[in-house]
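Visitor: Could you look at this predicted model? Sequence included:
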Amino acid sequence: MIKRIFKNFKMSTILTIITWTIILSFWYIITKLEIFTSTLVPSPYKVWTTFIYILNKGYNGIPLIIHLLASFERLFIALVLAIITAIPLGLLSGYSRRVRAIIDSIVEFYRPLPPLAYYTLLILWFGIDNTSKIVLLYLAGFAPIYIACVSAVTKINMDYILSAKSLGADSKKIFFKIVLPACLPEIFTGIRTAVGVSYTTLVSAEMIAATSGIGWMVLDASNFLKSDVIIVGILIMGLTGILIDYGLRYLEKKIVYWKGHV
Amino acid sequence: MTKKDRKSLIDIKDLHLEYGMKNNSIHALDGINLKIRQGEFLCLLGPSGCGKSSLLNIIAGFIKPTRGSCLMEGKPITGPDWHRGVVFQSPTLYPWMNVRENVEFGPRMRGLPEDEIKEIKDHFLEQVKLSGFGEKNTFELSGGMKQRVALARVLANYPQVILMDEPLGALDALTKVNMQILIRDIWKENNSTIFLITHDIDEALKLATRIVVMSKRPGKIIKEFNVAFTHELFENPKYTIHSDEYFEIKEEILQIINSQIEE
Ligand SMILES: Nc1ncnc2c1ncn2[C@@H]1O[C@H](COP(=O)(O)OP(=O)(O)OP(=O)(O)O)[C@@H](O)[C@H]1O
Ligand SMILES: [Mg+2]
């Protein structure tokens, strides 16, 4: 069993490595053959040197780390707000049909909307600064966490609650000792989805209106046809996205180590 | 003190239960009269779907009867209560708590002092032969061990009656026999009162002081047997019973249940 997992792990790692080797060599060959101009498709080497340059000198005189921090500050504030509001509201909705009837309809209405559709409105209302972006990201992150909480509560094993009652727990203790932990695995999945959705929304938002941030850097570069900077930006976004999810998965393993055994 | 003189703990009178609404209802229990007396080991047998779990759930306070009364020491049962401990067929241990925390759950919920909680936990983990497993995760245990933790968790509240719904139904034959011995020993040692549902006639004969047989749905009590094999087996757990009485009662119960299924 262990051996098989190990083998599978190696197998999938090898496949990932092969995939990326192919993509990189394809890219390299295309630029080597000069099928497109280097303004359209810069060579891997060019992108690498640009990355090193941006790392050292920043972009537009602003260090890369400031761009990243600007993005993550928005993301972080929005997600913290989403977590502390969506979890209680979601759990409450799971408990009470009435609360669900109210909140569900709102969430279901705005969730399928493309965020950029109402982003312009948010800019009108909250200005072009951070507030409108944080509200946008908050809305994007709220829905997945809320939905996960509702589903977790409605799926909870009733025997957990009944056994807790006949062991002498009152409703408040049942909520904190039984319902909340029983919902945690799904809440975590919800948070991971929320982070993913907010992250993509963030980059789009910065591309529409911002003066800093990793999304803005890419947009600004495209105005000046700096495709090497665009690619560096995209790679940074992709890698940070993977890193964030990796961190969350690590936390998940630590906190809900019993996931799958409910 | 003879059996009849023993204090009756649970009094069920003319109990009816219907699930669902008027024209779409399932008549589950039909005029149940039953007493559970202090210190007895009562086993409930009956064909599948006859309402055994429903009866246990009413005694536990999980559901309310449609008609009739279910009293504990003269007072109506209005909801779940730690005086009536419940062991489910699949152990409902909380996976986010380790074995120790699961066993301590009841006493802790009731706000007992910390040193008393610890004493209780040590005592009952030892009684179910799981001392040293306290810090294990529940999902690392075997089915039999899980059920022992579930039992210890219920015992930790010193309930006046322990209700068990096919607690050994999911275990393999060997584990089952060992668990039967363990349950009997605990019942004797703690002077507990146990109400146990099973579909295994031998299990009932080997454990019970009284066996109640139910009809098919709507469930009625059709026969009661007072038996004492459990005392013999307590003295000598490895002993196999050869008495004619054992086989006569077993045969009779089998016939009752089969006649209920065939009809
Ligand atoms: N919540 C419920 N709603 C509607 N019908 C129910 C419900 N619970 C049980 N029933 C029905 O009531 C009848 C008795 O069910 P119960 O679970 O008490 O039987 P049982 O004797 O415990 O069966 P088994 O031996 O299979 O465990 C069954 O026909 C069942 O389908
Ligand atoms: Mg049942």
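Guide: Noted; the coordinates are in hand. What you are looking at is a predicted structure, and each value in this text was computed from that prediction instead of being measured. Ligands and ions are numbered 1, 2, ... in the order given.

Visitor: Any stretches of the chain with poor pLDDT?
Guide: Went with chain A since none was named. Filtered on pLDDT under 70, chain A yields the residue ranges A:1-8.

Visitor: Oops, wrong one, chain B.
Guide: Scanning chain B residue by residue, the ranges that satisfy pLDDT under 70 are B:1-5, B:263.

Visitor: mind giving me the domain split of it?
Guide: Structural domains of chain B, as assigned by automatic domain parsing, span the residue ranges B:3-83+B:159-262, B:95-158.

Visitor: And for residue 118, the neighbour number?
Guide: Since you didn't name a chain, this refers to chain A. Neighbourhood size, residue A:118 [other CB atoms under 10 Å in any protein chain shown]: 15. All C-beta atoms are positioned from the backbone trio N, CA, C, and that covers glycine.

Visitor: oops, chain B please
Guide: The number of residues packed around residue B:118, counting by other CB under 10 Å, is 14.

Visitor: Check which element follows the helix or strand where it lies along the chain.
Guide: Mapping residue B:118 onto the secondary structure by DSSP states H and E places it in helix B:114-127. Read in the C-terminal direction, the helix or strand following helix B:114-127 is helix B:143-155, with elements assigned using DSSP H and E.

Visitor: returning to that earlier point: what's the helix holding residue B:118 packed up against?
Guide: Judged by 3 or more CB pairs under 8 Å, 6 or more residues apart in numbering or on different chains; DSSP states H and E, the packing partners of helix B:114-127 are helix B:99-109, helix B:143-155.

Visitor: interface residues of the stretch 51-200 of chain A facing ligand 1?
Guide: Contact residues (CB under 6 Å from any ligand atom) of the stretch 51-200 of chain A with ligand 1: there are none.

Visitor: Would you map the strands across chain B?
Guide: For chain B, the strands defined by DSSP state E cover B:8-19, B:26-37, B:41-45, B:67-72, B:75-76, B:84-87, B:161-165, B:194-197, B:210-214, B:221-226.

Visitor: And for the residue lying closest to residue B:181 once chain neighbours are set aside, the neighbour number?
Guide: With sequence-adjacent residues excluded and distances taken as CB to CB, 6 or more residues apart in numbering or on different chains, residue B:181 is closest to residue B:237, at 4.8 Å. Using other CB under 10 Å as the criterion, residue B:237 is surrounded by 15 other residues.

Visitor: Could you point out which of the helices and strands packed on helix B:114-127 sits nearest ligand 1?
Guide: Within these, the stretch nearest ligand 1 is helix B:143-155; the backing value is 16.6 Å (CB to the nearest ligand atom).

Visitor: Would you indicate which residues of the closest one are buried?
Guide: Buried positions in helix B:143-155, judged by neighbour count with 16 or more other CB atoms under 10 Å in any protein chain shown: B:144, B:145, B:146, B:147, B:148, B:149, B:150, B:151, B:152, B:153, B:154, B:155.

Visitor: Phi, psi for the closest residue to the second one other than its chain neighbours please.
Guide: In space, not counting the residues next to it along the chain, residue B:145 is nearest to residue B:130; the distance is 6.6 Å by CB to CB, 6+ apart. Taking degrees, to the nearest 10, you get phi -130, psi 20 for the backbone angles of residue B:130.

Visitor: Format the strands of chain B as a markdown table; extra columns: distance to residue A:12.
Guide: Below are those laid out as a markdown table (distance: least, CB to CB, whole Å):
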| stretch | distance to residue A:12 |
| --- | --- |
| strand B:8-19 | 50 |
| strand B:26-37 | 51 |
| strand B:41-45 | 53 |
| strand B:67-72 | 58 |
| strand B:75-76 | 61 |
| strand B:84-87 | 43 |
| strand B:161-165 | 44 |
| strand B:194-197 | 48 |
| strand B:210-214 | 55 |
| strand B:221-226 | 60 |
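
Visitor: Same list (those) but as TSV, adding distance to residue A:179 and mean neighbour count.
Guide: Written out in TSV, the entries for the strands of chain B read as follows (distance: least, CB to CB, whole Å; neighbours: other CB atoms under 10 Å in any protein chain shown):
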stretch	distance to residue A:179	mean neighbour count
strand B:8-19	26	18
strand B:26-37	29	18
strand B:41-45	31	25
strand B:67-72	27	16
strand B:75-76	28	10
strand B:84-87	19	26
strand B:161-165	23	24
strand B:194-197	28	24
strand B:210-214	35	23
strand B:221-226	37	15
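
Visitor: Mind putting those strands into TSV with distance to ligand 1?
Guide: Shown next, in TSV, are these (distance: least, CB to the nearest ligand atom, whole Å):
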stretch	distance to ligand 1
strand B:8-19	3
strand B:26-37	4
strand B:41-45	9
strand B:67-72	15
strand B:75-76	21
strand B:84-87	14
strand B:161-165	7
strand B:194-197	7
strand B:210-214	7
strand B:221-226	13
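
Visitor: now for those, which one comes closest to chain A?
Guide: Distance to chain A, taken as CB to the nearest CB, is lowest for strand B:84-87 among the strands of chain B, at 4.9 Å.

Visitor: helices or strands up against the closest one?
Guide: Secondary-structure packing of strand B:84-87 (3+ CB pairs under 8 Å, 6+ apart): helix A:158-166, helix B:52-60, helix B:143-155, strand B:161-165.

Visitor: So in that sheet, which strands flank that strand, and in what orientation?
Guide: Strand B:84-87 has these partner strands in its sheet, going by DSSP bridges: strand B:161-165 (parallel).

Visitor: chain center to the strand it pairs with: distance?
Guide: In terms of CA atoms, centre = their mean, to the nearest Å, the centre of strand B:161-165 is set 3 Å apart from its chain centre.

Visitor: before we move on, what about stretch B:65-82?
Guide: Computed by CA atoms, centre = their mean, the separation of stretch B:65-82 from the middle of its chain amounts to 17 Å.

Visitor: Show me which residues of stretch B:175-194 are buried.
Guide: Buried positions in stretch B:175-194, judged by neighbour count with 16+ other CB under 10 Å: B:175-177, B:179-184, B:186-187, B:192-194.

Visitor: What about these, which are in helices?
Guide: With helices identified by DSSP state H, the entries of the buried residues of stretch B:175-194 that belong to them are B:175, B:176, B:177, B:179, B:180, B:181, B:182, B:183, B:184, B:186, B:187.

Visitor: Run a quick neighbour tally on residue A:91.
Guide: When neighbours are counted by other CB under 10 Å, residue A:91 comes out with 21.

Visitor: secondary structure element for it?
Guide: Going by DSSP H and E, residue A:91 is in helix A:64-95.
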